[in-house]
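sequence first, then the predicted structure:
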Amino acid sequence: MEQINEAIALLKQYYGYPKFRKGQEQIVTSLLNGYDVIGIMPTGGGKSICYQIPALMLPGVTLVVSPLISLMKDQVDALNQLGIPAAYINSTLDWQEVEQRIRDAMQGKLKLLYVAPERLELGGFRQRMAALNIPLVAVDEAHCVSQWGHDFRPSYANIAPFIDELPQRPLVAAFTATATEEVTEDIARLLRLQTAEAHVTGFGRENLALSVLRGENKRDFVLRYARAHTGRPGIIYAATRREVDELHAHLGKSGIAVGKYHAGLPDSERARSQEAFLYDDIRVMIATNAFGMGIDKSNVRYVIHYNMPKNMESYYQEAGRAGRDGEPSECILLFSAQDIVTQKFLIEQGTQSEDRKLLDYRKLQLMVDYCYTPQCLHSYILQYFGDTIEAKACGECSSCKDERETVDITVEAQKIFSCVRRMGERFGVTLVAGVLKGSRAQRIMQNRFDKLPTHGALNTMTEKAIADLINVLIAEGYLGLTEGQYPTVKLEWPAVDVLKGSASVFQKVSRPERHAAAAAN
Ligand code: ADP
C-alpha cells in the first residue's frame with residue numbers, strides 16, 4: 001500500500017498526472033511486489049509509465065530493451081525533459097559515446113538505459129552490464145520474440161540468456177500490443193518469466209463510435225459520407241491498390257479534396273500525400289494498410305474500412321487511428337461477403353506453414369463474427385483482446401444503437417440447426433442455405449438433400465437472407481465452423497438446447513425481414 005502511494009507521488013511529481021490508469025496500477029503493484037509481468041496494451045495505452053515509475057523507485061539502473069532505434073532518442077529526450085536521468089545505447093553511437101554512457105550508469109547517474117536487442121549479443125557489452133546493478137529489465141514490443149507474432153526478430157532470442165548471465169536475476173516486465181494466447185505463452189516461455197501475471201488493459205477507446213454496415217452500396221456510401229463530413233479529416237482504407245486508385249478517382253471527380261497512399265506509388269508522391277493530410281490540405285486519405293504506421297495525426301474524425309481486414313488486430317489498429325485526441329470519432333466497417341472470399345484467397349496464396357494458416361483462418365472467423373455480432377461492438381473488442389477490466393456496453397456502436405425490433409426466431413433457428421444436423425455437419429454455409437431454400441442445384445441433388453424434411457423449410461426467405469442468418473448464429477456461438485479454407489458448419493451446445501426447446505433465439509430485424517421471417521413460419 002505504502003509503495004503504491006509512493007508510486008503515485010512520483011507520477012504526480014514527474015509526469016503531473018493525478019492517478020494511474022487502472023491497468024497501470026496493477027502492473028506497477030505487481031512489479032513492486034517482486035513479480036514479473038506481461039503488460040498487454042495497445043499503442044498509446046500508457047505502458048512506458050508502467051516501467052518508468054518502478055525504475056525510479058528501484059535502486060540501480062533499469063534496462064529497457066527496445067527494437068525501435070528511431071524512437072529511442074525521442075523517448076530518452078522526453079525522460080530527460082521530465083528530469084529523469086536516462087540514456088540509450090544503439091548502433092547510431094560511436095564507441096566513445098557508448099563507453100561514456102556505460103560509465104554514467106556505473107556511477108549511478110542513470111535510472112533508465114535503453115538498448116537495442118542486437119547489443120545483447122556482444123560479449124563485451126554483456127560483461128559490462130554484469131557489473132551494473134540492474135533491478136529490472138523492461139522488454140518493449142515483446143511479441144518480437146515469438147514466431148507467432150507479426151514481427152518476429154531473431155535478436156530477441158538473446159534476451160533470456162542475457163538475463164540468465166546477470167549475477168542477480170532482475171525483475172522482467174514484457175510489453176506488447178499483441179494479445180493472442182500463442183504470443184503471450186511464447187513471451188512467458190522464451191523470456192523465461194517467473195510466475196508472471198499477464199495484465200491486459202487500455203483497449204477501451206470510449207470516444208470511438210464503432211459500426212458495421214452490411215449490404216451497403218459501398219461506393220455510394222463513401223461518397224455520401226465524405227460529402228456530409230467535409231472539413232473533417234478522415235481515412236478510408238481499401239484492400240487493394242487498384243481499389244484505392246478507383247475510389248480516389250471517384251471521390252476526386254465529385255470535388256472532394258482527396259489524397260491517396262499505397263505501396264505502388266513513388267516515394268515522393270507518398271510523402272507529399274502524407275504531408276498534405278497531416279497539415280489538413282487534403283481532408284480525406286484513401287489508402288491501403290501501408291498508410292498509418294508511425295503517423296501521429298490526432299484529429300482524424302473517422303476511419304472507414306471499405307473492406308473487412310484479415311483480423312481484429314489489424315482492424316483495431318487501423319480504426320484506432322481515429323480520435324487520438326479523445327474527441328468523438330467514428331469507425332465504420334463496410335462489410336460484404338466477398339471480403340471473406342478475398343481474405344481466404346490471401347491466406348491460401350501465402351507461403352505460411354499449415355499451422356499458421358489454420359491460425360489465420362481462426363482469426364479471420366473472429367473478424368467475420370465481429371461483422372455479424374448483435375453484441376456491443378466495443379465489448380466484443382475488449383473481450384477479443386482479453387481486456388476484462390473495462391468491458392461494458394458502450395451505447396454508441398451500431399449494435400447498441402440498433403433500434404430494430406427484437407423478434408423470436410427460435411423456429412427458424414431450429415430449422416437451420418436441424419438441417420445442419422441432417423446434412424451430417426459436413427457442409428458449408430452456402431450449401432446449408434441452399435437446402436433450406438429448397439434449391440435443386442446439382443450438389444444438393446447428388447447428395448439427395450432434396451429428400452430431407454428440412455429441404456425448402458425456409459423457402460420464403462432469400463438464400464442470401466438464410467446465409468446471413470446462419471452467419472449471425474455462428475457469430476453468436478450457436479453454430480461453429482471447422483477450421484481451414486472450406487469450413488463446414490457444425491452445431492455447438494447452445495444449439496442443442498434450442499433444438500430441445502429449452503432455449504429461445506431472438507434477433508433484431510427490420511420490417512421487411514420480419515415479414516419474410518413471419519411468412520416462413
Ligand atoms: P505507449 O508507450 O503504451 O504507446 P505512452 O506510455 O506513450 O503509451 O502513453 C500514451 C499517452 O498517455 C502519453 O501521452 C502519456 O503521457 C499518457 N498517459 C500515460 N499514463 C497516463 C496517466 N496515468 N494519466 C494520464 N495520462 C497518461
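Yes, it's here.

what bridges to Glu197?
Glu197 has these beta-bridge partners by DSSP bridges: Val37.

gap between it and the ligand?
18 Å (CB to the nearest ligand atom, to the nearest Å). Just so you know, the C-beta spots here come from the backbone N, C-alpha and C atoms, and that holds for glycine as well.

was I right to think that residue contacts Ser30?
Yes - contact criterion CB atoms under 8 Å: Glu197 and Ser30 qualify, at 5.5 Å.

who's more crowded, these two?
Higher neighbour count among Glu197 and Ser30: Ser30, with 22 against 15, using other CB atoms under 10 Å.

the more buried one in helix, strand or coil?
helix (DSSP: H, G, I helix; E, B strand; the rest coil).

spatially nearest residue to it (excluding sequence neighbours)?
Computed as CB to CB, 6 or more residues apart in numbering, the closest residue to Ser30 that is not its neighbour in sequence is Val37, at 4.8 Å.

how many residues are close by the one you found?
Neighbours of Val37 using other CB under 10 Å come to 25.

rewinding a little: between Glu197 and Ser30, what contacts are shared?
Residues touching both Glu197 and Ser30 (CB atoms under 8 Å, 6 or more residues apart in numbering) are Val37.

list the residues that contact the residue nearest to Ser30.
Ile27, Ser30, Leu31, Cys50, Ala173, Ala174, Ala196, Glu197, Ala198, His199.

quick check, nearest of those to the ligand?
Nearest to the ligand out of the contacts of Val37 is Cys50 (CB to the nearest ligand atom; 7.9 Å).

was I right to think the closest one contacts Ala174?
No - look at Cys50 against Ala174 with CB under 8 Å: they stay out of range, at 10.8 Å.

list residues touching both of those two?
Contacts common to Cys50 and Ala174, judged by CB under 8 Å, 6+ apart, are Val37, Gly39.

which bits of this structure sit near the ligand?
Tyr17, Phe20, Arg21, Gln24, Met41, Thr43, Gly44, Gly45, Gly46, Lys47, Ser48, Ile49 (CB under 6 Å from any ligand atom).

that older thread, report the buried members of the contacts of Val37.
Ile27, Ser30, Leu31, Cys50, Ala173, Ala174, Ala196, Ala198, His199 (16 or more other CB atoms under 10 Å).

can you confirm the last one is in a strand?
So that's His199. Yes - under three-state DSSP, His199 sits within a strand.

please name the residues that touch it.
Counted by CB under 8 Å, 6+ apart, His199 has contacts Gly23, Gln26, Ile27, Ser30, Val37, Ile38, Gly39, Ile40.

against Leu63, how distant is the third one?
When you say that, I think you mean Ile27. 17 Å (CB to CB, to the nearest Å).

re the thing from before, so can I have a markdown table of the contacts of His199 showing pLDDT?
Formatted as a markdown table, those follow (pLDDT from 0 to 100):
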| residue | pLDDT |
| --- | --- |
| Gly23 | 88 |
| Gln26 | 93 |
| Ile27 | 95 |
| Ser30 | 95 |
| Val37 | 96 |
| Ile38 | 96 |
| Gly39 | 95 |
| Ile40 | 93 |
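
ok, these vs the ligand, which is closest?
The shortest approach to the ligand among the contacts of His199 belongs to Gly39, at 8.6 Å (CB to the nearest ligand atom).

dump the residue contacts of that closest one.
Neighbours of Gly39 in contact, by CB under 8 Å, 6+ apart: Gly23, Ile27, Lys47, Cys50, Ala173, Ala174, Phe175, Thr176, His199, Thr201.

one more: Arg153?
By CB under 8 Å, 6+ apart, the contact set of Arg153 is Pro67, Pro117, Cys144, Val145.

roughly how far apart are it and the ligand?
Counting by CB to the nearest ligand atom, the gap from Arg153 to the ligand is 18 Å.

can you check Lys363 too?
23 Å.

that residue against Met312, yeah?
Yes - Lys363 lies in contact with Met312 (CB under 8 Å); the separation is 7.0 Å.

how about the helices of the stretch 251-400 of the chain, start to end?
267-278, 312-319, 337-349, 354-372, 377-385 (DSSP state H, counting those that start in this stretch).

nearest residue to Arg404 in space, please, no chain neighbours.
Per CB to CB, 6+ apart, closest to Arg404 is Lys508, 4.3 Å.

now do the SS call for the one you found.
strand.

Ala209 should be in a strand, yeah?
Yes - under three-state DSSP, Ala209 sits within a strand.

who does it bridge with?
Glu330.

from Lys218, how far off is it?
19 Å.

same check on Met129?
55 Å.

leaving out sequence neighbours, find the closest residue to the residue sitting nearest the centre point of the chain.
In the chain, the centroid-proximal residue (CA atoms, centre = their mean) is Glu313; its distance is 2.1 Å. Nearest non-adjacent residue to Glu313, counting by CB to CB, 6+ apart: Thr178, 6.6 Å away.

so who does that neighbour touch?
Ile40, His143, Gly149, His150, Glu313.

identify those among these that sit within strands.
Ile40 (DSSP state E).

would you mind listing which of the contacts of Thr178 are buried?
Using 16+ other CB under 10 Å, the buried members of those are Ile40, His143, Gly149, Glu313.

can I get the residues you listed in CSV including distance to Ser398?
Listed next are the buried ones among the contacts of Thr178 as CSV, based on distance: CB to CB, whole Å:
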residue, distance to Ser398
Ile40, 27
His143, 30
Gly149, 31
Glu313, 21
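
what's the closest of the residues you listed to the ligand?
Ile40 (10.6 Å).

how about the closest one, what does it touch?
Phe175, Thr176, Ala177, Thr178, Ala179, Thr184, Ala198, His199, Val200, Thr201, Phe385, Gly386.

what would these look like in CSV with distance to Ile282 and pLDDT?
Formatted as CSV, the contacts of Ile40 follow (distance: CB to CB, whole Å; pLDDT from 0 to 100):
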residue, distance to Ile282, pLDDT
Phe175, 35, 95
Thr176, 34, 92
Ala177, 29, 85
Thr178, 32, 77
Ala179, 34, 70
Thr184, 40, 91
Ala198, 42, 88
His199, 40, 91
Val200, 37, 89
Thr201, 35, 86
Phe385, 32, 88
Gly386, 38, 85
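
give me the neighbour count for whatever residue of the stretch 401-521 of the chain ends up closest to the ligand.
Ranked by CB to the nearest ligand atom, the top residue of the stretch 401-521 of the chain for proximity to the ligand is Lys401, at 28.6 Å. Using other CB under 10 Å, Lys401 has 12 neighbouring residues.

ok, now which ones touch it?
Ser211, Gly395.

and if you look at Ala196?
Applying CB under 8 Å, 6+ apart, the residues contacting Ala196 are Tyr35, Asp36, Val37, Ile38, Val172, Ala174, Ala188.

where do the helices of the stretch 1-150 of the chain begin and end?
Under DSSP H, counting those that start in this stretch, the stretch 1-150 of the chain gives helices at 2-10, 22-32, 47-57, 69-82, 95-106, 123-130.

which elements pack onto the longest one?
Okay, so that is helix 69-82. On a contact count with 3 or more CB pairs under 8 Å, 6 or more residues apart in numbering; DSSP states H and E, helix 69-82 meets strand 86-89, strand 112-115.

with mean pLDDT added, can I get those strands in a markdown table?
Shown next, in a markdown table, are the helices and strands packed on helix 69-82 (pLDDT from 0 to 100):
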| stretch | mean pLDDT |
| --- | --- |
| strand 86-89 | 96 |
| strand 112-115 | 97 |
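
in TSV, list the ones you listed along with mean neighbour count.
Formatted as TSV, the helices and strands packed on helix 69-82 follow (neighbours: other CB atoms under 10 Å):
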stretch	mean neighbour count
strand 86-89	22
strand 112-115	24
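
mind putting the ones you listed into CSV with distance to Leu334?
Output for the helices and strands packed on helix 69-82, formatted as CSV (distance: least, CB to CB, whole Å):
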stretch, distance to Leu334
strand 86-89, 43
strand 112-115, 41
